[in-house]
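S.K.: sequence? don't have it. structure:
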């Protein structure tokens, strides 16, 4: 199990890694593993002050761990509720923004190359199933990437079970993570009610879902390369308008997937796609109004302009 | 509800539609709806002889319905078990092959334009979740298409509940479908254990999953168009070998998704992808052996030849 960390390591020699450590089992095991790997690390802890004394005890545990292993320790207290209210976002989103902002700051100021987040394999597939249920589209189904944007997820190859075993064996101290009731609620439903049923159909469900996520991720890459290229061929700008070449567009009339991806930025939704097809195939003067744009056909062009007046 | 059938109809004027009617609720409701639509139809019923008298009673019900409405009736008895054994396939696959073979025959002989299958919206998302669980990759996640290959699925827009209501209201006779224990088993687990939990997270789960399937279907289209094009640019043939242009291939080194799709036909699997990348980036003489092909680098070319000797 330990080998995973090494085999899949996303760290170059000499890299300094900032570990995001909440005090929960995943991040404590990650921190422990890093101390044994000889990498140069630091620990960042966010205290979101959402659970009073509990939050402070988490911070204390992590602080002691860092001191005990001689690892630089950075922590910050946030008034998450106020931040969420001021920015009109959910507590969850607020914590997310504050967290990544803090990590970025430390990385820059103290010269770390990347931040290590302790998501495990189960987190990954639970997130996939939650996203599938909520309908976030293909980007929500591609899973978390092991590395990218200076974020590394060295625990993504370990199941929750493996982490628990390792933790027990090495007597690593951690604190139960009780954050975020809403996510927990959905996550627990998926974890305790859905995944066991799926495992009954396919015993290696984690592995299968993970592979599917990887494949979808590959597919997603292809789509963006393809659409970017096509946009380069078909799309020009004139004054404030975007012009699409109808003759080229017409080649994709039988391909709703392509038309949709191309015109999504202009507010085209699935129900509007049919109207769009009609005006592409039809005469000069045809029009589609989306929530954000006006699309008009003029001879060989589709002229797309943003709405000027909206209420 | 009835409007769906009309709005989404996949039937051109004058089309003759062969309805596949098992005697179950979905297909009986479909047959009833068609009788009210004025379309010219026929009914095909397959008796797979898997449940003795029960199978015969199904056939009898459908035959009477056809006679009562003056619709041409075609039925055939199959020795499904023997066919499965002879062809070394599952009973399920055997029934599938026999069924579609039979429909094709009748269409040809009696001049029908398409066969209507009574899959409903719930079948569609159940299949999607089963495929996700079993890991059939993206093609398994695109759902069934409403129309294609002379098959139409006019009931795909109705939920099971809507069909049940309509059936009650119009007192349509049907017989409980008890076929295929294995599929039933998985399907029931998904239906009764998984979907209710997902619905708890998202009340309009059917709608959401259906949209996701449609989007993935669009994405899938894009990928095949893209890969076909790319293959046209990169790939040539010489004698029995396939030649890939390394200079062009190299542009996609950072795009495992694209490399994978391009080289999948040559037996490249995810674990082998890394080796392949190494030889693309490396020197003349590098080699990868897959289960089906030998891939060798020679200067600016990747020479791909099928294995000649396998044991």
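M.R.: Yes, it's here. In this text, all values refer to a predicted model and were calculated from it rather than measured experimentally.

S.K.: these two touch, right, residue A:216 and residue A:138?
M.R.: Yes - applying C-beta atoms under 8 Å, one finds residue A:216 in contact with residue A:138, separated by 6.2 Å. No exception for glycine: its C-beta is placed from N, CA and C like everyone else's.

S.K.: Which of the two has more residues huddled nearby?
M.R.: For residue A:216 versus residue A:138, neighbours defined as other C-beta atoms under 10 Å in any protein chain shown are more numerous around residue A:216 (23 against 19).

S.K.: and the more buried one, what does it touch?
M.R.: A:138, A:141-143, B:138 (C-beta atoms under 8 Å, 6 or more residues apart in numbering or on different chains).

S.K.: Strands along the stretch 1-150 of chain A, start to end?
M.R.: A:16-20, A:40-47, A:73-77, A:114-116, A:147-148 (DSSP state E, counting those that start in this stretch).

S.K.: Just the mean pLDDT for the longest one, thanks.
M.R.: Predicted confidence along strand A:40-47 averages 94 (mean pLDDT).

S.K.: Check which strands are paired with it and give the direction for each one.
M.R.: When pairing is defined by DSSP bridges, strand A:40-47 lines up against strand A:16-20 (parallel), strand A:73-77 (parallel).

S.K.: winner for burial among the ones you listed?
M.R.: The highest average neighbour count among these, using mean count of other C-beta atoms under 10 Å in any protein chain shown, belongs to strand A:16-20 at a mean of 22.

S.K.: Now do that strand: distance to the chain's middle.
M.R.: Offset of strand A:16-20 from its chain centre (C-alpha atoms, centre = their mean, to the nearest Å): 19 Å.

S.K.: ok now stretch A:129-146, how far from the chain's centre?
M.R.: On C-alpha atoms, centre = their mean, the centre of stretch A:129-146 falls 8 Å from the chain's centre.

S.K.: contacting residues for the residue of the stretch 1-150 of chain A found nearest chain B?
M.R.: In the stretch 1-150 of chain A, the residue that lies nearest chain B is residue A:135 (3.6 Å; C-beta to the nearest C-beta). Listed by C-beta under 8 Å, 6+ apart, the contact partners of residue A:135 are B:202, B:208-209, B:211-212.

S.K.: any idea how far residue B:203 is from it?
M.R.: Computed with C-beta to C-beta, to the nearest Å, the distance linking residue A:135 and residue B:203 is 12 Å.

S.K.: for the longest helix that chain A contains, which positions count as buried?
M.R.: Counting residues, the longest helix in chain A under DSSP state H turns out to be helix A:205-234. Within helix A:205-234, the residues scored as buried using 16 or more other C-beta atoms under 10 Å in any protein chain shown are A:205-206, A:208-210, A:212-223, A:225-227, A:230, A:234.

S.K.: go on, stretch A:265-285?
M.R.: A:266-268, A:272-273, A:275-277, A:279-280.

S.K.: could you dump the strands paired with strand A:40-47 to JSON lines with distance to residue B:176?
M.R.: Formatted as JSON lines, the strands paired with strand A:40-47 follow (distance: least, C-beta to C-beta, whole Å):
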{"stretch": "strand A:16-20", "distance to residue B:176": "55"}
{"stretch": "strand A:73-77", "distance to residue B:176": "63"}
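
S.K.: With distance to residue B:164 and mean pLDDT as added columns, please give those strands in JSON lines.
M.R.: Formatted as JSON lines, these follow (distance: least, C-beta to C-beta, whole Å; pLDDT from 0 to 100):
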{"stretch": "strand A:16-20", "distance to residue B:164": "51", "mean pLDDT": "93"}
{"stretch": "strand A:73-77", "distance to residue B:164": "56", "mean pLDDT": "95"}
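
S.K.: Out of those, which is closest to residue A:40?
M.R.: Proximity to residue A:40 (C-beta to C-beta) singles out strand A:16-20 among the strands paired with strand A:40-47, at 4.8 Å.

S.K.: Who are the contact partners of the most centrally placed residue in chain A?
M.R.: For chain A, the residue lying nearest the average C-alpha position, counting by C-alpha atoms, centre = their mean, turns out to be residue A:144 (5.8 Å). Residues counted as contacts of residue A:144 (C-beta under 8 Å, 6+ apart) are A:119, A:123-124, A:127, A:153, A:156.

S.K.: so which strand or helix has the residue nearest to residue A:280 when sequence neighbours are not counted?
M.R.: The spatially closest residue to residue A:280, leaving aside those adjacent along the chain, is residue A:249, at 5.6 Å (C-beta to C-beta, 6 or more residues apart in numbering or on different chains). Under the criterion of DSSP states H and E, residue A:249 resides in helix A:246-249.

S.K.: Identify all contacting residues around that helix.
M.R.: With C-beta under 8 Å, 6+ apart, helix A:246-249 has contacts from A:233-234, A:259, A:262, A:280, A:297, A:299-302.

S.K.: Now name the helix or strand holding the closest residue to residue A:130 other than its chain neighbours.
M.R.: Spatial nearest neighbour of residue A:130, excluding adjacent residues (C-beta to C-beta, 6+ apart): residue A:186 at 5.5 Å. For residue A:186, the element it lies in under DSSP H and E is helix A:181-189.

S.K.: Residue A:277 and chain B: what is the separation?
M.R.: Distance, residue A:277 to chain B, using C-beta to the nearest C-beta, to the nearest Å: 13 Å.
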